[in-house]
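>>> With the input below, show me the fold.
(3 chains)
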Amino acid sequence: MDQAKIKKELAALAAEGMPEPEPVEETPEVEAVPEEQAEAKPKKKEKEKPKPRLNGLVETPYDERGAHVDVQLNPDQVVRAAEILDSEGMTLEAVTGVDWLAEKQMEAVYDYSYTGGELFRVVIRARADRAQPDFPTISNVFGGANWHERETWDLLGINFTGHPQLERLLLPEDADFHPLRKDYKP
Amino acid sequence: MTLLAESQLHETFELNLGPQHPATHGVLRVKLTMDGEYIVKAEPVLGYIHRMHEKMGENRTWAQFMANVGRMDYLSAMSFNHGYVALVERAMGIEVPERAEYLRVITVELNRIQSHLLWWGAFVLDLGGFSPLLYAFDDREQILDLLETVTGSRLTYSYFRFGGLYNDIDENFVDGARAFIKRLRSRIPMYHDLVTYNIILMTRLKGVGPISAEMCRKYGATGPVLRGSGIQFDIRKNEPYSVYPEFDFDIPVYHEGDCMARYMVRMDEMEQSMRIIEQALDKLPDGPVKAKKVPKLIKPPIGDYYHAVEAARGTFSIRVVSNKTNKPYRMKLRSPTFSNLSLFEEASEGMLLADALALMGSLDLVIPEIDR
Amino acid sequence: MNEVIRLVIYLVAIIAFAALNAAYLVWVERKGAGHIQRRIGPKEVGPYGLLQPLADGAKLMSKQILIPRGVDVPLFMIAPVLAMVPAIMSFVTIPFSETLVARDINIGLLMIFAFASVNIMALLLGGWASRNKYAVISATRAVSQNVSYEIPMLITVITIVMISGSMNLNEIVMQQTNILKWYIWPWTGNFLGPISFLLFFTCSLAETNRAPFDLGEAESELIAGFHTEYAGMGFGMFFMGEYANIVIGCSLITILFLGGWQCPFGLFPGIHWFLIKLYALCWTFVWIRWTYPRTTLWGLLNLSWKYLIPISLVNLILTAGLLKVM
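Alright, predicted model coming up:
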């Protein structure tokens, strides 16, 4: 595993997705922003504020956040990111999602770690429109993503396109709701 | 084998292993497509004990959720609690007194030994040997008694608090822990003689259910499963938390990747845990067990936080998104056996039913932790 | 007329003996397992839990016999009977002492094996009729296991028959007057001696479906195997049949290798020696069960076809040669 290489490739990938007029991901007024963000924390906080976080690579302080690199991408880039990390021998630890009700967005979060010795954790995140949360599946790259994506679909309703078996995993087969959505009323 | 299964001459049938079945140790169901005694496809079906802890996390305050974490994995509740308090401490920037950290390590390691002992008994029970289970319970009972005196409960502890512990240990604990280590040290060789080196057990485990290191990586398997496949990875060493860097211990690694390797990893880990406990008892500093400046109201700053710990079965990690309220905005609990079990489908292909059950036992499943 | 009365008495006695043995072997098994596993075992019903088997029996008999929907009812009902009856029939020719034998027929050995083979039918029918996948798997396992272990067992028996020149069990026992003349020793003509004894013992374990060869009822794999769907006395009959088979197996080992009712030192032969040897062997069965884990089906069949059958064949040939020389 080569940390610098991973960072470089992921940053390039994030920059690649930037200039396009994203249909679902970003607000239209956003322009190309330098992907090297100096301060990590203010950047992170922006997620919650009206101004959404931009695509790009952020190095987060491990002691405070528990991850070294935090990358925001377009939804269609997560497979490419998984391939980059896979080629460097990283492991997929978990796939999860966050429902941003106020911003009408659905976020998918991928946690990667390295089991070869060095301590290096990468977070890949992408956001899609809440009404149509489509993300490509990475289960072709990491077999372990199969269940994680199924669970995320099950609980949050994030649609992983191309997933081989997008069925209920934890909830019963006849469930017609996604309980972790913020507007879910039991 | 697969050729055999695919040919039209061989009829396959479906066999439901579980949700009530002696070998699944809980309410796991495995949908087996069998060709005689061979498994063509094994699809685990989860969710029979799903309790939606993640949603509960969103509806409870940070402190209230403490009890839930221990109820996910009832066998290594202490490690899970440790993961959760460490996460909140990381988010809030709380410093924990040294004595508290030492006691956390001692109790977590005792809990780990307890979990491995129970696994050992249950695993040999899966293989048809009944007696070791009772021996394991006999030893485990000592740990539970010991932990009960300090934590007040035997299985689902909530001993840790943000910034320390619920209370200090009593005067009998240190001697009790030392006595237990002495006792277990004298008994593990006996277990090896009676069980590990038994010819029947060896033939049932050696070379059965091989899991390659690459497969572990693709499926995110951790813990003894990963270490049994030859990868020296342990969060306690590779991503040190608490006071683990201060102890001298090894990570047992076996390269065969079969059931025997996973078995030996767990047996050796008990010895390593005992070493950690001994060192911690020797070095145990005096002082308070609770940080002075713990805010009454836990409201971590906005952002997301991640913390991973080494539970008895592998990496347990929590990802939490805070929006600076008294409840988490999103709580993701990543349990180790969820990932470990996900490789079962691939690993068990073409195996005999009896061997597949040995493989399943060697993954050390705790179903409430998979289903959460 | 006397002969009829004698037979009736023997029949009653044999059934009582089989049933009592089954009941109290269960007690021995549970108590033994308890002590092996650092616990006490049954202790509530009667002194040392001695009345526990009776309570168990009463419970089993009072339970409803459940017949699941869709089973093959006649076969389902006949299977437990088939498990029990051949086991009791086999007792007919077993000489408990020189005179204490129900029917001293000169093909006694053959008869026991004939009835022992019927026992497999019970497992097969019970498993097949249950309409349960686990039961069917178990039945197929049990049949392949029984068939493959009968071969080395019978070859070993032929060896003994060659030495003794008789198929009458009492005749075989009478030839082994003291410990040096037991057929376990090579100088009696049984070339491999103790090895053939161990071989026969292993086969008996497998034939009676006992651990470590209890693949038919491997509880961690097949729930309860062929008797998964049986409740009450249906299960009880299988259970009693199993323990009766253990007694038969141990009796045969005693008779063929350990001199039956003969005293090791040629003094006071009688039923007590037979029972001592018998229960020592039964205890070994219990002991082994609670010590070893289970083998796999392939391991089991390999053991039979690759080791036990060749060894027993070699023993047969060598013994034949030895007898020719002697």
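
>>> Helix, strand, or coil at whatever residue of the stretch 51-200 of chain B ends up closest to chain A?
Chain A sits closest to B:Lys55 of the stretch 51-200 of chain B, with a gap of 5.5 Å, by CB to the nearest CB. To be clear about C-beta, it is placed using only N, CA and C from the backbone, and glycine gets the same treatment. Using DSSP: H, G, I helix; E, B strand; the rest coil, the secondary structure recorded for B:Lys55 is helix.

>>> Without its sequence neighbours, what residue ends up closest to it?
In this structure, B:Lys55 finds its nearest non-sequential neighbour in A:Pro179, 5.5 Å apart by CB to CB, 6 or more residues apart in numbering or on different chains.

>>> just checking, that neighbour touches A:Arg168?
No - if you go by CB atoms under 8 Å, A:Pro179 and A:Arg168 don't touch, sitting 11.5 Å apart.

>>> ok, now how distant is C:Thr295 from chain B?
6 Å (CB to the nearest CB, to the nearest Å).

>>> can you give me phi and psi for that residue?
Main-chain torsions, C:Thr295, degrees, to the nearest 10: phi -80, psi 170.

>>> what does the one 4 residues further on give?
Geometry field for C:Gly299 lists phi and psi as phi -60, psi -40, criterion degrees, to the nearest 10.

>>> Look at the single nearest residue of the stretch 201-350 of chain B relative to chain A and tell me its secondary structure.
Among the residues of the stretch 201-350 of chain B, B:Tyr306 lies closest to chain A, at 3.3 Å counting by CB to the nearest CB. Of the three states, B:Tyr306 takes strand under three-state DSSP.

>>> Quick check: bridge partners of it?
Counting by DSSP bridges, B:Tyr306 is bridged to B:Arg319.

>>> quick one: contacts for it?
A:65-67, A:111, A:121, A:123, B:87, B:317-320 (CB atoms under 8 Å, 6 or more residues apart in numbering or on different chains).

>>> With C:Ala218 instead?
Counting by CB under 8 Å, 6+ apart, C:Ala218 touches B:128, B:354, C:138, C:225, C:294.

>>> Quick one, grab the pLDDT at the first one.
So that's B:Gly128. We have a pLDDT of 83 for B:Gly128.

>>> what number of residues lie near it?
B:Gly128 has 25 neighbouring residues, counting by other CB atoms under 10 Å in any protein chain shown.

>>> Spit out the contact partners of C:Ile5.
With CB under 8 Å, 6+ apart, C:Ile5 has no contacts at all.

>>> so where does it fall, helix or strand?
For C:Ile5, the host element (DSSP states H and E) is helix C:2-36.

>>> Would you mind measuring from the residue nearest to C:Val147 when sequence neighbours are not counted to A:Pro133?
With CB to CB, 6+ apart as the criterion, C:Val147 has its nearest non-adjacent residue at 7.4 Å, and that residue is C:Ile120. C:Ile120 sits 60 Å away from A:Pro133, going by CB to CB, to the nearest Å.

>>> now do B:Ala77
As judged by CB to CB, B:Ala77 and A:Pro133 stand 34 Å apart.

>>> Looking at these two, which is more packed in?
The neighbour count for B:Ala77 versus A:Pro133, taken as other CB under 10 Å, is higher for B:Ala77 (30 against 23).

>>> Enumerate every residue touching that one.
By CB under 8 Å, 6+ apart, the contact set of B:Ala77 is B:69-71, B:111, B:155-157.

>>> how near is it to chain C?
B:Ala77 sits at a distance of 26 Å from chain C (criterion: CB to the nearest CB).

>>> which phi and psi does that residue have?
phi -60, psi -30.

>>> What about the residue nearest to B:Lys55, how many residues nearby?
A:Pro179 has 17 nearby residues by other CB under 10 Å.

>>> Equivalent analysis for A:Asp2, please.
Neighbours of A:Asp2 using other CB under 10 Å come to 12.

>>> near chain C, which residues of chain A?
By CB under 8 Å from any CB of the partner chain, no part of chain A sits against chain C.

>>> same thing with the stretch 51-200 of chain B?
Neighbours of chain C within the stretch 51-200 of chain B, by CB under 8 Å from any CB: B:124-131, B:134-135, B:138, B:194-195, B:198, B:200.

>>> Just the residues you listed: which are in helices?
When DSSP state H defines the helices, the subset of those inside them is B:124-126, B:131, B:134-135, B:138, B:200.

>>> Closest one of those to B:Met92?
Of all these, B:Met92 sits closest to B:Asp138, with 41.5 Å by CB to CB.

>>> just checking, the closest one touches B:Tyr191?
No - between B:Asp138 and B:Tyr191 there is no contact under CB under 8 Å: 11.4 Å.

>>> quick one: which of those two has more around it?
B:Tyr191 (21 against 16).

>>> Ignoring the adjacent residues along the chain, who's closest to the residue in the stretch 201-326 of chain C that chain A sits nearest to?
At 24.5 Å from chain A, C:Ile223 is the closest residue in the stretch 201-326 of chain C, using CB to the nearest CB. Closest residue in space to C:Ile223, ignoring its immediate chain neighbours: C:Tyr134 at 5.2 Å, by CB to CB, 6+ apart.

>>> any idea what the one you found is structurally, helix, strand or coil?
helix.

>>> And the pLDDT at it?
Looking at C:Tyr134, its pLDDT is 86.

>>> That one contacts C:Ser220, correct?
No - between C:Tyr134 and C:Ser220 there is no contact under CB under 8 Å: 11.7 Å.

>>> who in chain C is up against chain B?
Going by CB under 8 Å from any CB, the residues of chain C near chain B are C:33, C:36-39, C:133-134, C:137, C:141, C:211-212, C:214, C:218-221, C:223, C:290-299.

>>> Can you tell me which of those residues end up in helices?
Among the residues of chain C next to chain B, the members falling in helices (DSSP H) are C:33, C:36, C:133-134, C:137, C:141, C:219-221, C:297-299.

>>> Now for the residue nearest to C:Val147, how many residues are close by?
21.

>>> which residue does chain C bring closest to chain B?
Closest point on chain C to chain B, by CB to the nearest CB, is C:Arg294, at 2.7 Å.

>>> What's the separation between the spatially closest residue to that residue that is not a sequence neighbour and B:Asn198?
Nearest residue to C:Arg294 in three dimensions, chain neighbours excluded: B:Gly128, at 2.7 Å (CB to CB, 6+ apart). From B:Gly128 across to B:Asn198, the span is 11 Å (CB to CB).

>>> which residues do these two both contact?
The contact sets of B:Gly128 and B:Asn198 overlap at C:292-293 (CB under 8 Å, 6+ apart).

>>> what are the phi and psi angles of the residue nearest to C:Thr254 when sequence neighbours are not counted?
In space, and not counting its chain neighbours, C:Thr254 is closest to C:Lys277: 4.4 Å by CB to CB, 6+ apart. Dihedral angles of C:Lys277 (phi, psi; degrees, to the nearest 10) stand at phi -60, psi -40.
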